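K.L.:
Any chance you can model this:
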Amino acid sequence: MQLRYSFRLDPTAGQRKALARAFGCARVVYNDALRARETARVAGVGFPTAGALSRLLITEAKKTVERAWLGEVSAVVLQQSLRDLDAAYRSFIDGLKGKRPRMGAPRFKSKRDSRQSVRFTANARWKITPGGDLRLPKIGDMRVTWSRALPSVPSAVSVIKDAAGRYFASFVVETDPVPLTKTESFVGIDLGLGHFAVLSDGTKVIRENQAVAVEDLAVKGLARTRLAKSVHDAGWASFVAMLEYKAALYGRTFLRIGRFEPTSQICCVCGTKDGPKPLHVRVWECRGCGTVLDRDINAAVNIAKAAGLAVTACRAQVRPVRVPAQREEAGTHRDGPSAVAGILTR
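P.N.:
I've put the predicted structure just below:
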């Protein structure tokens with residue numbers, strides 16, 4: 001399976017200029033290709049192929065006065081822009097066909113976008129130096145804050161500039177699943193805004209549980225309500241995506257339940273459906289069995305049950321263990337040359 005490992009970069013002033021040039025050239029090629037395809041669509045003719053776009057917008061464009069500066073960056077970066085556009089069109093079309101969630105058509109990129117990135121594949125001849133720097137063509141050697149070791153030789157690297165002006169190197173690595181020892185524990189997770197995540201039994205998620213169940217939240221729908229900013233800030237989709245790939249990596253089972261399951265309305269002890277409750281009601285007493293239920297833990301247990309997991313006891317009378325929403329960088333130390341270079345010789 002493919003995984004991404006991100007590390008902080010510390011480019012010099014000159015390297016920042018070179019990266020800005022690479023971001024700009026990649027963006028121009030992407031926009032030129034999108035414009036060419038949109039022109040073809042409006043005219044009712046077939047889309048130009050990737051090969052034709054490459055010849056027209058990169059090879060031939062470099063010979064013109066208007067686009068001669070494309071030659072100042074690695075050609076691989078420009079080719080990757082065309083591949084990114086192809087991927088965006090495939091995702092858009094697959095969404096229309098129902099093969100994946102629907103998403104908007106590819107749009108033009110702006111230099112004012114909060115996130116800028118370029119990708120270097122193996123044929124770009126980038127490398128990690130014996131001293132632990134990241135060497136990129138036409139950019140140079142950049143210092144990397146190595147917070148952990150890469151599990152295998154990376155096949156590609158993306159350089160990303162975020163909205164805060166920070167730079168990151170994101171490596172793509174191929175790795176085999178490493179199943180953990182099987183356990184009899186299961187867990188359901190209730191996601192929310194007041195508290196980011198509540199676990200049905202209070203454990204860490206993947207290492208201590210054989211199966212994990214979450215609710216399939218309608219994030220896009222919630223993002224159109226007055227809670228939009230809070231929903232986006234919470235980062236539920238990113239958290240669930242990380243859970244899913246971690247479960248696959250370590251041989252665990254990942255399950256989603258339908259978003260319309262009344263997990264907050266059912267008593268996890270006796271199964272009585274007590275009806276919807278306002279959000280400010282955090283603790284309630286079941287009218288069927290009299291159990292005093294914590295709203296969040298009760299929902300987490302019901303999520304596990306709805307996914308078909310064997311929950312041995314309802315722990316809804318215990319105050320929940322809260323999982324903080326913020327995630328800090330794993331470390332800031334810089335490994336020596338042998339530690340970094342060692343991964344490239346395995």
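
K.L.:
Could you point out the longest helix of this structure?
P.N.:
Longest helix in the chain, counting residues (DSSP state H): helix 13-43.

K.L.:
so where's the chain shaky on pLDDT?
P.N.:
Along the chain, segments meeting pLDDT under 70 span 186, 190, 192-203, 205-206, 216-236, 310-346.

K.L.:
what's the domain layout of it?
P.N.:
As assigned by automatic domain parsing, the chain contains the domains 2-174, 186-323.

K.L.:
name the element residue 77 belongs to?
P.N.:
Assigning secondary structure by DSSP states H and E places residue 77 in helix 75-96.

K.L.:
Turn the domains of the chain into TSV, columns for distance to residue 180 and mean neighbour count.
P.N.:
Glycine gets a C-beta too; all of them are placed from N, C-alpha and C. Output for these, formatted as TSV (distance: least, Cβ to Cβ, whole Å; neighbours: other Cβ atoms under 10 Å):
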stretch	distance to residue 180	mean neighbour count
domain 2-174	15	16
domain 186-323	5	17
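
K.L.:
what's the helix holding residue 77 in contact with?
P.N.:
Applying Cβ atoms under 8 Å, 6 or more residues apart in numbering, the contact partners of helix 75-96 are 22, 25-27, 29-30, 33-34, 37, 50, 53-54, 57-58, 70, 100-106, 118-121, 123-124, 137.

K.L.:
hmm, try it at 7 Å
P.N.:
For helix 75-96, contacts defined as Cβ atoms under 7 Å, 6 or more residues apart in numbering pick out 22, 25-26, 29-30, 33-34, 50, 53-54, 58, 70, 100-103, 105-106, 118-121, 123-124.

K.L.:
Which of those residues fall within helices?
P.N.:
Cross-referencing the contacts of helix 75-96 against helices under DSSP H gives 22, 25-26, 29-30, 33-34, 50, 53-54.

K.L.:
Compute the distance between the spatially most central residue of the chain and residue 207, please.
P.N.:
Nearest to the geometric centre of the chain sits residue 238, at 5.3 Å (Cα atoms, centre = their mean). To residue 207, residue 238 is 20 Å away according to Cβ to Cβ, to the nearest Å.

K.L.:
Doesn't residue 5 lie inside a strand?
P.N.:
Yes - with DSSP: H, G, I helix; E, B strand; the rest coil as the criterion, residue 5 is part of a strand.

K.L.:
That one bridge partners, please.
P.N.:
residue 171 (DSSP bridges).

K.L.:
Next up, the contacts around it.
P.N.:
Residue 5 makes contact with 150, 171, 173, according to Cβ under 7 Å, 6+ apart.

K.L.:
So the last one, which state does it fall into?
P.N.:
If I follow you right, that is residue 173. strand.

K.L.:
That one reaches residue 151, doesn't it?
P.N.:
Yes - between residue 173 and residue 151 there is a contact under Cβ atoms under 7 Å: 5.9 Å.

K.L.:
Residue 134 is in contact with residue 120, correct?
P.N.:
No - if you go by Cβ under 7 Å, residue 120 and residue 134 don't touch, sitting 9.5 Å apart.

K.L.:
Do a quick rundown of the helices in the protein.
P.N.:
Counting by DSSP H, the helices of the chain are 13-43, 50-54, 75-96, 219-222, 228-234, 236-249, 295-306, 337-341.

K.L.:
With distance to residue 289 as extra columns, can I get the ones you listed in TSV?
P.N.:
Formatted as TSV, the helices of the chain follow (distance: least, Cβ to Cβ, whole Å):
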stretch	distance to residue 289
helix 13-43	60
helix 50-54	63
helix 75-96	45
helix 219-222	32
helix 228-234	33
helix 236-249	31
helix 295-306	12
helix 337-341	57
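
K.L.:
Looking at these, which is nearest to residue 146?
P.N.:
Minimum separation from residue 146 across the helices of the chain (Cβ to Cβ) falls at helix 337-341, 5.8 Å.

K.L.:
what about residue 182, distance to residue 214?
P.N.:
On the measure of Cβ to Cβ, residue 182 and residue 214 end up 21 Å apart.

K.L.:
No more questions from me, cheers.
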